[in-house]
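In: what would the 3D arrangement of this be:
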Amino acid sequence: MSRERTLRLAYLPPLDPGSDFAAVCRDIAADGITHIVLQEVCGAIDFTRADAGPQVERVLRETGLKAIACHGLEHAPYLLYKPDAVERERMVAAQREMMLRAAGLGAVTYVLHLGNYPVGVEEEEVWGPVARALDELVPAAEAAGVELALENSFRSTYLARNGAELAAFVARYDHPAVGVCFDVGHAHILEGAVETLEVLRPHIVTMHLHDNDGVRDQHLIPGRGTVDWGTFIPHIATCPRLRHVETEAIKPDLGGTLAETEQHPPAEVYALYRSLLNATGSGVYVPE
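Out: The predicted structure is shown next:
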């Protein structure tokens, strides 16, 4: 397969609330990394706050880094499935504010988590609250040039319970500002990385690339788990809507700290990802 698809690799900086965001960004820029993923915890900078935009913008300007992706709010109050109208209004307002802040800094994808599959709810009624939340988020996303990326799950108790269910909803919703964040680690646990990508391919706008043992969501560096990267990577170039790919390895658990997470030098991690993606026959090319 020829190298016909150039993609940017966005590095997710491992951060916790004690991290010095500016110092981390200076270090990774010095390592030759050029594009990053924004997230709620930008070290000691809380990206949900109104004053976070200028702080992060200053760091990006000083380091030359480009923030092309953003991982949206992912804990319970901000999951997309909210049948209660008041809770949904709060969730949408918070996600919209953070999405627009990220868009103002250059992000073109914004990842959303769906939540748990509700017990005792008829299947045809499950996706209604998700669609209503998107109805409120889509106009702002479209105006800002952002694609909302619904992430696939790694448990059948989550929305969506499988890749086909997520693909069916996105196809039914049918809006250019709504796509899928394909999480390779999640797919590896639930249905298989290649198998799930094949189902979601038309809708994938960004990817989370990380490894695990096929049982737990460990966010390991590729090669430290059991994902068959040599088989998987050539499928990346087949996704027509794909904007970029993201590292998402070495990520602390929600509310966790870096001290609880195995760490590796950013230059080493980034070089490993580029080596895998740029391998002969991969079909993609990640420039320096």
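In: which non-adjacent residue is nearest residue 166?
Out: residue 160 (3.6 Å; Cβ to Cβ, 6 or more residues apart in numbering). Every C-beta, even on glycine, is put in place using the N, C-alpha and C of the backbone.
In: tell me who's in contact with the one you found.
Out: 114, 152, 153, 166, 169 (Cβ atoms under 8 Å, 6 or more residues apart in numbering).
In: could these go into CSV alongside neighbour count?
Out: Formatted as CSV, these follow (neighbours: other Cβ atoms under 10 Å):
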residue, neighbour count
114, 21
152, 28
153, 26
166, 23
169, 22
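In: next, give me the two most distant ones among those.
Out: 153 and 169 (12.5 Å; Cβ to Cβ).
In: pull the CA atoms of the worst-scoring helix or strand of the chain on mean pLDDT into CSV?
Out: Of all the helices and strands that make up the chain, helix 123-126 has the lowest average by mean pLDDT, DSSP states H and E, namely a mean of 87. The C-alpha trace of helix 123-126 is given here as CSV (Å, rounded to 0.1, in the frame of the first residue of the first chain):
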residue,chain,number,x,y,z
GLU,A,123,-34.1,0.3,23.1
GLU,A,124,-35.8,2.6,20.7
GLU,A,125,-36.0,5.3,23.5
VAL,A,126,-32.4,5.1,24.6
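In: remind me which residues of the protein are low pLDDT?
Out: Applying pLDDT under 70 to the chain flags residues 1-3.
In: picking up where we left off before, would you mind measuring from the residue nearest to residue 166 to residue 152?
Out: 7 Å (Cβ to Cβ, to the nearest Å).
In: need the overlap of contacts for these two.
Out: residue 166.
In: can you list the buried residues in stretch 218-235?
Out: Residues 218, 219, 220, 221, 222, 224, 225, 227, 229, 232, 233, 235 are the ones in stretch 218-235 that count as buried (16 or more other Cβ atoms under 10 Å).
In: same deal with stretch 143-163?
Out: Under 16+ other Cβ under 10 Å, the buried positions of stretch 143-163 are 144, 146-154, 158-163.
In: hmm, residue 18 is touching residue 43, no?
Out: Yes. Counting by Cβ atoms under 8 Å, residue 18 does reach residue 43; the two are 7.4 Å apart.
In: tell me which of the two has more neighbours.
Out: A count of neighbours by other Cβ atoms under 10 Å puts residue 43 above the other of residue 18 and residue 43, at 21 against 11.
In: thinking that one is in contact with residue 27, fair?
Out: No. The pair residue 43 / residue 27 is not scored as a contact, 12.0 Å apart, by Cβ under 8 Å.
In: assumed residue 58 was part of a helix.
Out: Yes. Counting by DSSP: H, G, I helix; E, B strand; the rest coil, residue 58 is located in a helix.
In: look up how far residue 144 lies from it.
Out: On the measure of Cβ to Cβ, residue 58 and residue 144 end up 21 Å apart.
In: residues contacting residue 155?
Out: Counted by Cβ under 8 Å, 6+ apart, residue 155 has contacts 189, 190.
In: what packs against the top helix by length along the chain?
Out: When the chain is parsed with DSSP state H, its longest helix is helix 85-104. Helices and strands touching helix 85-104, by 3 or more Cβ pairs under 8 Å, 6 or more residues apart in numbering; DSSP states H and E, are helix 52-63, strand 66-71, strand 109-112, helix 128-144.
In: that one vs helix 52-63, what angle?
Out: Helix 85-104 and helix 52-63 are oriented at 20 degrees to each other (axes from the mean of the first three to the mean of the last three Cα atoms, to 10 degrees).
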